[in-house]
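**Student:** got a sequence here, can you build the structure:
(one chain, ligands or ions: 2)
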Amino acid sequence: MAKAFDFGVERLAGTGVAAEAGTHEHSQDGCATGRTFFLETFGCQMNEHDSEKVAGVLLARGYRQVEKPEAASVVLYNTCSIREKAAQKVFSRLGEYRTTKKDGQIIGVLGCVAQQEGEEIFARAPWVSLVCGSASYRKLPQMIAQLEAGNTRVTGLDTDTDETFETEMTRRDNPWRAYLTIIEGCDKACSYCVVPFTRGPERSRASGSILREVKELADLGYTEVQLLGQTVNSYADPTPTSSGRQMRFSELLVAVAEVAGIRRVRFTTSHPRDFGKDIVEAIEAVPGICNHVHLPVQSGSTAVLRAMQRTYTRDEYLEKMEMIRAAKRTISVTTDIIVGFPGETEDDFRDTLRLMEEVRYDGAFTFKYSPRPNTPSLKMADAIPEEEKSRRLAILMEKQREIQAGLMRHAWGRGTNCWLAGNREEKTSGAGIRRITKL
Ligand code: 5AD
Ligand code: SF4
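**Tutor:** Ligands and ions are numbered 1, 2, ... in the order given. Prediction:
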């Protein structure tokens, strides 16, 4: 949903989210244009942060943010298509926007569904005038200018960009924790995943530019930085060797933590393939780097991992876990698991349950496999029936609940902190831990 009034807006833009409906020819904050925007976001933290940047782009152009779509000159909807359910919501929400649409109002679709559906969105929802995937956000200012100049439809659907989306101003939602994308896109090509299609190829941001922004954030009073990327630890510093030192991901972690005023550094999501001992050593050595790693396993069966094209076996994953568990500081580990991937047998599923028992994750995001357009797994044989996926998911969630209850009892008994206690942004819901965003 739209964010309520927040400090970040004021701090960075000298303006807040307007709670009132209506047009603003003579708005109180002196906004010359009176133009307003409403921005709704679904999906992962990358989407949340992209929306913060989009808001920054609009605020810099004199727009003000409002809480209701009917009060806005521009309504933007940042979408997610990682699973079918999330993608299905988009057109029903666009239908709702149609009913509240005023004359001259611009309605735009951003994010993964925009990238995936492209101009098809205009056909299904002709009241939409902007469609832009995340790999084209760099062009957003020009696209908005075209709409302001009277164009009725604009699109940004290229994924061949080699640049990241950096803005002069980002409107951050949290007064002390700042998200910072260090790598965009994904080159991993897991067979079930739309991300490589919707977010384009991997591209990293230069370490010098990242560190400059972290210093600015510290000067503004932020104390916590969360480094973001679909595969954040695949970071490859593009700094030219002539003008500076290229940093490994672990070195960047340390450098960010060493910026005066920054007290905590988090990072997500890590890919097991690129998770090396140097990252564990950085966590061991620098207290400011949070001792939590999100390391999606997806399945405990080597056969399923191979079909998923995850590039590691069960044993290789468990070796990484051993390395993490051997660290001098206790490191919390969370994961993502998919059940019901095509061809997943009962034995494969049992392997996943056994792996969970072995690792004892502090938290797990668990999903039923959802077939997605363009992905290799879409055409795979031996689809698992929906009821069977639901059965396996329920067993998995129960297993995770037992594990977490045991870990909690242990942690509370010893008065130690744990991942759940240390992450107020996550919350438990029903049978497990869920992201706060609504997928
Ligand atoms: N079906 C179910 N879950 C998926 N994920 C990604 N693609 C799919 C899909 N097609 C899950 C993975 C990933 C998390 C963000 O979403 O577990 O790590
Ligand atoms: Fe998707 Fe795999 Fe890339 Fe993660 S690593 S975004 S699951 S393709």
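
**Student:** not counting sequence-adjacent ones, nearest residue to residue 247?
**Tutor:** Using C-beta to C-beta, 6 or more residues apart in numbering and skipping the chain neighbours, the partner closest in space to residue 247 is residue 207 (4.3 Å). C-beta: built from backbone N, CA, C; applies to glycine.

**Student:** can you report how many residues lie near the one you found?
**Tutor:** Residues near residue 207, counting by other C-beta atoms under 10 Å, number 23.

**Student:** so the residue in the stretch 101-250 of the chain positioned nearest to ligand 1, which of the three states?
**Tutor:** Taking C-beta to the nearest ligand atom, ligand 1 has its nearest neighbour within the stretch 101-250 of the chain at residue 192, 4.0 Å off. Following DSSP: H, G, I helix; E, B strand; the rest coil, we place residue 192 in the coil state.

**Student:** and it, backbone torsions?
**Tutor:** Backbone dihedrals for residue 192, given as degrees, to the nearest 10, come out at phi -100, psi 0.

**Student:** ok, the closest residue in space to it that isn't next to it in sequence to residue 308 distance?
**Tutor:** Among residues not flanking residue 192 along the chain, residue 377 sits closest, at 4.5 Å (C-beta to C-beta, 6+ apart). From residue 377 across to residue 308, the span is 7 Å (C-beta to C-beta, to the nearest Å).

**Student:** kindly report the same for residue 42.
**Tutor:** On the measure of C-beta to C-beta, residue 42 and residue 308 end up 24 Å apart.

**Student:** try residue 314
**Tutor:** Residue 314 is 12 Å from residue 308, where distance means C-beta to C-beta.

**Student:** equivalent analysis for residue 404, please.
**Tutor:** Distance from residue 404 to residue 308, by C-beta to C-beta: 25 Å.

**Student:** still on that earlier bit, show me what contacts the residue of the stretch 101-250 of the chain closest to ligand 1?
**Tutor:** Residue 192 makes contacts with 308, 338, 341, 369-372, 375, 377, as judged by C-beta atoms under 8 Å, 6 or more residues apart in numbering.

**Student:** counting neighbours, what do you get for the closest residue to residue 321 other than its chain neighbours?
**Tutor:** The shortest distance from residue 321 to any non-neighbouring residue, by C-beta to C-beta, 6+ apart, is to residue 359 (5.5 Å). By the criterion of other C-beta under 10 Å, residue 359 has 21 neighbours.

**Student:** by contact count, what packs against the longest strand belonging to the chain?
**Tutor:** When the chain is parsed with DSSP state E, its longest strand is strand 332-339. With contacts taken as 3 or more C-beta pairs under 8 Å, 6 or more residues apart in numbering; DSSP states H and E, strand 332-339 sits against strand 292-294, helix 346-359, strand 363-368, helix 386-414, helix 419-422.

**Student:** so which of the ones you listed is nearest ligand 1?
**Tutor:** Nearest of those to ligand 1, taken as C-beta to the nearest ligand atom: strand 363-368 at 3.7 Å.

**Student:** quick one: is that closest one near ligand 2?
**Tutor:** No - under the criterion of C-beta under 6 Å from any ligand atom, strand 363-368 makes no contact with ligand 2; the nearest approach is 10.7 Å.

**Student:** does that strand come close to ligand 1?
**Tutor:** Yes - residues of strand 363-368 are located near ligand 1 by C-beta under 6 Å from any ligand atom, namely residue 367.

**Student:** direction included, what does that strand pair up with?
**Tutor:** Strand 363-368 has these partner strands in its sheet, going by DSSP bridges: strand 332-339 (parallel).

**Student:** residues from the stretch 151-300 of the chain in reach of ligand 2?
**Tutor:** Selection of the stretch 151-300 of the chain residues close to ligand 2 by C-beta under 6 Å from any ligand atom yields 186, 188-190, 193, 195-196, 230-231, 271.

**Student:** going by neighbour count, which of these are buried?
**Tutor:** Buried by 16 or more other C-beta atoms under 10 Å: 186, 188, 190, 193, 195-196, 230-231, 271, out of those.

**Student:** which of those lies at the shortest distance from residue 382?
**Tutor:** Closest approach between those and residue 382, by C-beta to C-beta: residue 190, at 18.0 Å.

**Student:** and that closest one, what does it touch?
**Tutor:** Counting by C-beta under 8 Å, 6+ apart, residue 190 has contacts 298, 308-310.

**Student:** ok, and which of the residues you listed reach ligand 1?
**Tutor:** residue 298.

**Student:** and the contacts of residue 190 as CSV, adding secondary structure, neighbour count and pLDDT?
**Tutor:** Shown next, in CSV, are those (DSSP: H, G, I helix; E, B strand; the rest coil; neighbours: other C-beta atoms under 10 Å; pLDDT from 0 to 100):
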residue, secondary structure, neighbour count, pLDDT
298, strand, 24, 98
308, coil, 22, 98
309, coil, 14, 98
310, coil, 24, 98
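
**Student:** may I ask which two of the contacts of residue 190 are separated the most?
**Tutor:** Greatest spatial distance among the contacts of residue 190 (C-beta to C-beta): 298 and 309, at 10.3 Å.

**Student:** rewinding a little: ok, the residue nearest to residue 321 to ligand 2 distance?
**Tutor:** Distance, residue 359 to ligand 2, by C-beta to the nearest ligand atom, to the nearest Å: 19 Å.

**Student:** check the burial of residue 401 by counting its neighbours.
**Tutor:** The number of residues packed near residue 401 is 16, by other C-beta under 10 Å.

**Student:** swap in residue 322?
**Tutor:** 10.
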